[in-house]
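Asker: quick one, what's the 3D model for this:
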Amino acid sequence: MENKKRVLLVCSDGGHLAQMLELKELFEKYDYLLVTERAPSTIPLAKTYNLKFVRPRPEGKNRKLGFYISLIQNSFSSLKILLTHRPKVILTTGSHTAVPFCILAKILGMKVVWILSYARINSKASSANLIYPIANRFLVQWPNMTDHYKKGIYVGSIY
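Answerer: Next up, the predicted model:
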């Protein structure tokens, strides 16, 4: 059996996950691990994909405090997953779930590739702004987004 390059695919659920799954033919050529948030809509995917879950972004009354608690917990989960899977590359379609993975991956000497959301047509994204300075590749799906992200590479739509 050939030795496939290890790749970690990280994304929030919803549209970010939908975009990642559009790349299925590409990522299945690698020894991949897909990481997303645990949610009722994502749990069935574990039957089809090599998948791990992290905590979702909290909702409700205390969501701001919950966000930071979740971020800290996901940072520990991120480190454990990175050290266990040992990918060469992190590929992400964002959003907040990807931030601790990308930062820790960069510290560990792994490459980071960020694909800016298809929904970002005219404006920047907070999570993307955090990772932009450390990304090895920063891909955008709309040509005018290279005006916002100068080192962004226009690749067209992944849909």
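Asker: just the mean pLDDT for whichever strand or helix holds residue 84, thanks.
Answerer: Assessed by DSSP states H and E, residue 84 sits inside helix 63-85. Helix 63-85 carries an average pLDDT of 91.
Asker: helices or strands up against it?
Answerer: Judged by 3 or more Cβ pairs under 8 Å, 6 or more residues apart in numbering; DSSP states H and E, the packing partners of helix 63-85 are strand 6-11, strand 31-37, strand 51-54, helix 98-107. Any C-beta I mention is one placed from the backbone N, CA and C, and that applies to glycine too.
Asker: packing partners of the shortest one?
Answerer: Secondary structure elements in contact with strand 51-54, counted by 3+ Cβ pairs under 8 Å, 6+ apart, are strand 31-37, helix 63-85.
Asker: so which of those gets nearest residue 156?
Answerer: In terms of Cβ to Cβ, the element of the helices and strands packed on strand 51-54 nearest to residue 156 is strand 31-37, at 22.2 Å.
Asker: tilt between the closest one and helix 63-85?
Answerer: Using axes from the mean of the first three to the mean of the last three Cα atoms, to 10 degrees, one finds that strand 31-37 and helix 63-85 are set 170 degrees apart in direction.
Asker: just name the most buried of the helices and strands packed on strand 51-54.
Answerer: strand 31-37 (a mean of 22; mean count of other Cβ atoms under 10 Å).
Asker: among the helices and strands packed on helix 63-85, which is nearest residue 152?
Answerer: With Cβ to Cβ, the closest approach to residue 152 among the helices and strands packed on helix 63-85 belongs to helix 98-107: 15.6 Å.
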